[in-house]
Every structure is written in C-alpha cells, then in structure tokens.
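Asker: what's the 3D shape of this:
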Amino acid sequence: MTAKVSKFQAVLSSREASEELQEEATDLVMKDLPVPSPVAKMGRPKGKRSNPDYTQVTAYIRQDTYKDVRVLLLQQGNGQEFSELVEELLSEYLKTQTFKSSKT
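Answerer: Have a look, this model is predicted:
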C-alpha cells in the first residue's frame, strides 16, 4: 500500500527542492566573486555637533555686528562659516597672549 501524497505536500516538497538548488547555485557563484570594499555611507557628512573636537558655546554680541559679519562672509564667497571665523580670531588672540606672557 502506497501512501497518498496530498497536493499541498507535493507543492512544499518541490519548493524545498527549488530553494536547496538555489542556495547551492548562490554558494557556487559567491565563491568566485571578489569581496567588495566597504562603500562610504550616503547622506550628509557628520557636522560639528557630533564631532568630539568641537564644543558649542554661547556669546553675546551686538545684532548689527553679527549681521554685518554674516553679510561680509557671504560676499567673500569662500564658504567660511561664522564659527570658523570666531575660531580663527580666538586662536590668534591666544597666540598673542601666549607670546606676551612668555616675555614677562
């Protein structure tokens, strides 16, 4: 007496066999392919907020001064940000103060 196979069992068996063949074929193809090098992530680059070398500070300056500086930075067109200008000016200040204090 042979056991009768249901229609569903036959479909499942053929599907399992198909998946096994596909896995074997994928394994064979993957052996021959070179390993791709990591690609840089797409999207925006990380900003200063997430950079541990920077810290956010607050300073009170006159509105007119801030507006005029922003206008000048835009007119120069070199892409310098306000924070970069402040960093540059503070670095220069530190150099002059260090120089003066080492003389005395």
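Asker: residues contacting R70?
Answerer: R70 is in contact with F82, counting by C-beta atoms under 8 Å, 6 or more residues apart in numbering. Where C-beta positions appear, they are placed from N, C-alpha and C, glycine not excepted.
Asker: what comes up buried for the helix or strand hosting it?
Answerer: Assigned by DSSP states H and E, R70 belongs to helix 63-76. For helix 63-76, the neighbour count (16 or more other C-beta atoms under 10 Å) marks L73 as buried.
Asker: could you give the mean pLDDT of the helix or strand hosting S14?
Answerer: In this assignment (DSSP H and E), S14 forms part of helix 7-32. Averaged over helix 7-32, pLDDT sits at 74.
Asker: just stretch 49-63 next, same as before
Answerer: Stretch 49-63 comes out with an average pLDDT of 93.
Asker: what does it contact?
Answerer: The contact list for stretch 49-63 (C-beta under 8 Å, 6+ apart) reads K48, V86.
Asker: how long is it end to end?
Answerer: 24 Å (C-alpha to C-alpha, to the nearest Å).
Asker: And stretch 26-38, by the same measure?
Answerer: 21 Å.
Asker: try stretch 26-41
Answerer: End to end - C-alpha to C-alpha - stretch 26-41 spans 27 Å.
Asker: Same check on stretch 51-64?
Answerer: Start-to-end, stretch 51-64 (C-alpha to C-alpha) is 30 Å.
Asker: After the helix holding R70, which helix or strand is next? Please name it.
Answerer: Later in the chain than helix 63-76, the nearest helix or strand by DSSP H and E is helix 82-103.
Asker: what does that next one contact?
Answerer: The contact list for helix 82-103 (C-beta under 8 Å, 6+ apart) reads K48, A59, Y66, V69, R70, L73.
Asker: wait, what's in contact with the first one?
Answerer: In this case it means K48. Contacts of K48 (C-beta under 8 Å, 6+ apart): Y54, S83.
Asker: Quick check: it vs V57, distance?
Answerer: For K48, the distance to V57 equals 12 Å [C-beta to C-beta, to the nearest Å].
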